[in-house]
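# Next input, structure requested:
(one chain, ligands or ions: 2)
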Amino acid sequence: MVVPYQAEPATDFSNKENKKAFQDALKQVKNDFGVQRPLVIGGRHIQTDDKTTSINPSEKSQVIGHVSKAKVEHIEEAFSAAEEAFESWSEWSPEERAELLIRAAAIIRRRKHEISALMVYEAGKPWNEADGDTNEAIDFLEYNSRSMMELAKGKPTLDREGEHNHYFYQPMGVGVTISPWNFPFAIMANTTLAPVVAGNTVLLKPSGDTPLVAYKLIEILEEAGLPKGVVNFVPGSSKDIGDYMIDHHKTHFVTFTGSKDVGKRITERAAKFQEGQNFIKRTITEMGGKDTIIVDKDADTDLAAESIVNSAFGFSGQKCSACSRAVIHEDVYDEVLKKSVKLTKKLTVGNPVDENYMGPVISQSQFDKISEYIKIGKKEGKLKAGGKTDDSKGFFIHPTVIADLDPEAVIMQEEIFGPVVGFTKAKDFDEMLRIANNTEYGLTGAVITNTREHWHLACRKFNVGNLYLNRGCTAAVVGYHPFGGFKMSGTDQKTGSPDYLLNFLEQKVVSEMF
Ligand SMILES: NC(=O)c1ccc[n+]([C@@H]2O[C@H](COP(=O)([O-])OP(=O)(O)OC[C@H]3O[C@@H](n4cnc5c(N)ncnc54)[C@H](O)[C@@H]3O)[C@@H](O)[C@H]2O)c1
Ligand SMILES: N[C@@H](CCC=O)C(=O)O
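Ligands and ions are numbered 1, 2, ... in the order given. Predicted coordinates:
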């Protein structure tokens, strides 16, 4: 028996003891700077000459550590190790596998500040965002473990006179996990360990921007006693090993979270049959967003401004769920814009070690890309806040509000993945919904309204995977708000849902005649 699932509570940093514990962790983690992390294949730690150097995006001259890069021959070895490990791991009972994950969750809980502190340095996450990321990883492990225990019972089927039927689930084989840098611990851990608790084995290729945070999971799995070869850690250049991993005839499934372009490429490549492949690969692709908050004419305008600002600028807008479009009824447009700009101007930007609201963006390439979008935005609309960028020390971009945009403007259509939000005006609720739906994405959205009929209409017509009423459009909680999007936001497999593990299981029927 395990206790019922409950989401891990956020750390209260206004509590002096918690604050001191986190400051200590920030100091402690620094002692490891310069560390050299290996590949881990079949339990063997392998150092390669070619390494990724991971830097602090707040202080780009500061090296956090180096991580070995896998080449094709390592991937080949990892497939063999994973295939061999599958033989025994798939024979562990679902309960035994689930218990191991619950143990891993307990270790993460004990080492929580250490993991979050590393995220502050390697991903530029502010304290609360890093803490949320680590907590979400715990939630995924706890939730998926219970989900596996439930699925282990199979599902009922009908029996007939003289016939007894069973319907149950079994693992699929070896799969590939490719994860993003923006939730470097939670998404990476979930997309690696959900297949694993289901009895599969995995090759994990984490983002090259945050490989050290990903390595923490490997340490934890070793401490928890996960058998060798069940998770193989193979960071490396996507150019060198990306296609190879996807194309490989031993890859049964790919779980990818990242940009639309890479997700499309993976979907296309995985669909092509390879010699020696006698099954159809499954692809789970969770991709980008261009998420909208609609503000109705009778809305609470303070709530609207808070929801827009928090959803747009939390973790510098580097969330697939971030609000990058505010569509406001013309009667309250000026008021909501004014309040949003006022709140935006109060946000602090700087090194997240010093408890700023916003840290840097992740990399030089993201800094350059977002800066270009700000230039476009200034031409397409009116700059009302922010617009300032500075990459002299780290990759800092101030929270930016661009108003009076055409719904078809570039700023209103393309995923920016940075601290930029566009405002546009509409004359009624139908027009607001039309604008909200006029992007190629369909991930999250929110409606701020006091008109119940409008909420009902939005529930039917606002075409997103996660829709929220009278709150922001970020911060889904595992088990409470299963997460995933429509259209070009992905395959909508809903992480943190009772259905998620089915992506990594085959359904089998056994029918016995008496
Ligand atoms: N829908 C979701 O749940 C969700 C969650 C988080 C992030 N995202 C999206 O992720 C994106 C940001 O993350 P990113 O910048 O890391 O995305 P990205 O697509 O650049 O990279 C994602 C991962 O794919 C790898 N990769 C890149 N090219 C590859 C290739 N050809 N073959 C195999 N692997 C390859 C990268 O190394 C990384 O590990 C945004 O678009 C964001 O919206 C979506
Ligand atoms: N699940 C997160 C977003 C993950 C993508 O970046 C949220 O709901 O804000």
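# Find the nearest non-adjacent residue to Q47, please.
Spatially, and ignoring its direct neighbours in sequence, Q47 is nearest to P38 (4.9 Å; Cβ to Cβ, 6 or more residues apart in numbering). All C-beta atoms are positioned from the backbone trio N, CA, C, and that covers glycine.
# How about E330?
The shortest distance from E330 to any non-neighbouring residue, by Cβ to Cβ, 6+ apart, is to K425 (5.0 Å).
# Next: K125.
M119 (4.7 Å).
# need the contact list for the residue nearest to S58 when sequence neighbours are not counted.
Among residues not flanking S58 along the chain, G394 sits closest, at 4.0 Å (Cβ to Cβ, 6+ apart). By Cβ atoms under 8 Å, 6 or more residues apart in numbering, the residues touching G394 are N56, P57, S58, E59, K60, G124, N351, P360.
# helix, strand or coil for the last one?
Three-state call for P360 (DSSP: H, G, I helix; E, B strand; the rest coil): coil.
# so it touches P57, yeah?
Yes: the pair P360 / P57 is scored as a contact, 4.3 Å apart, by Cβ atoms under 8 Å.
# which residues do those two both contact?
Common neighbours of P360 and P57, counting by Cβ under 8 Å, 6+ apart, are G124, G394, F395.
# pLDDT wise, what is M1 at?
At M1, the predicted lDDT confidence score is 72.
# Any idea how many residues pack against it?
Residues near M1, counting by other Cβ atoms under 10 Å, number 3.
# Skipping adjacent residues, who's closest to V35 in space?
Sequence neighbours aside, G65 is the residue nearest to V35 in space, at 4.2 Å (criterion: Cβ to Cβ, 6+ apart).
# got a list of what that neighbour touches?
Counting by Cβ under 8 Å, 6+ apart, G65 touches D32, F33, G34, V35, Q36, R37, T53, S54, L212.
# run the last query once more with 6 Å
Taking Cβ atoms under 6 Å, 6 or more residues apart in numbering as the criterion, G65 is in contact with V35, S54, L212.
# now swap in T267 and tell me
Per Cβ under 6 Å, 6+ apart, neighbours of T267: T283, T285.
# on that earlier part again, what average pLDDT does the host helix or strand of the residue nearest to V35 get?
Secondary structure from DSSP states H and E places G65 in strand 59-68. What strand 59-68 shows for mean pLDDT is 98.
# which other helices and strands contact the helix or strand that that strand is followed by?
Note on strand 59-68: by DSSP H and E, the next helix or strand toward the C-terminus is helix 72-89. Packing contacts for helix 72-89, counted by 3 or more Cβ pairs under 6 Å, 6 or more residues apart in numbering; DSSP states H and E, involve strand 39-41, strand 201-205, strand 231-233, helix 243-247.
# Need the contact partners of helix 72-89.
Where contact means Cβ under 6 Å, 6+ apart, the residues beyond helix 72-89 that reach it are 39, 41-42, 173-174, 201, 203, 229-230, 232, 234, 241, 244-245, 250.
# And for whichever residue of the stretch 1-150 of the chain sits closest to ligand 2, the neighbour number?
Closest contact between the stretch 1-150 of the chain and ligand 2, by Cβ to the nearest ligand atom, is at E136 (7.5 Å). Other residues lying near E136 total 24 when counted by other Cβ under 10 Å.
# Hmm, it is touching A186, no?
Yes: E136 is in contact with A186 according to Cβ atoms under 6 Å; the separation is 3.7 Å.
# on that earlier part again, and the residue nearest to V35, bridged to which residues?
As for beta bridges, G65 partners with V35, S54 under DSSP bridges.
# With ligand 1 as the reference, measure out to it.
17 Å (Cβ to the nearest ligand atom, to the nearest Å).
# Any stretches of the stretch 301-450 of the chain with poor pLDDT?
Regions of the stretch 301-450 of the chain meeting the criterion pLDDT under 70 are absent.
# Show me which residues of it are close to ligand 2?
K319, C320, S321 (Cβ under 6 Å from any ligand atom).
# Now list the buried members of the residues you listed.
Among these, the ones that count as buried by 16 or more other Cβ atoms under 10 Å are K319, C320, S321.
# for these, which one is nearest A194?
When these are compared for distance to A194 (Cβ to Cβ), C320 wins out at 17.9 Å.
# Return the residues in contact with the closest one.
Contact analysis of C320 by Cβ under 6 Å, 6+ apart lists G288, G289, L443.
# No further queries at this time; thank you.
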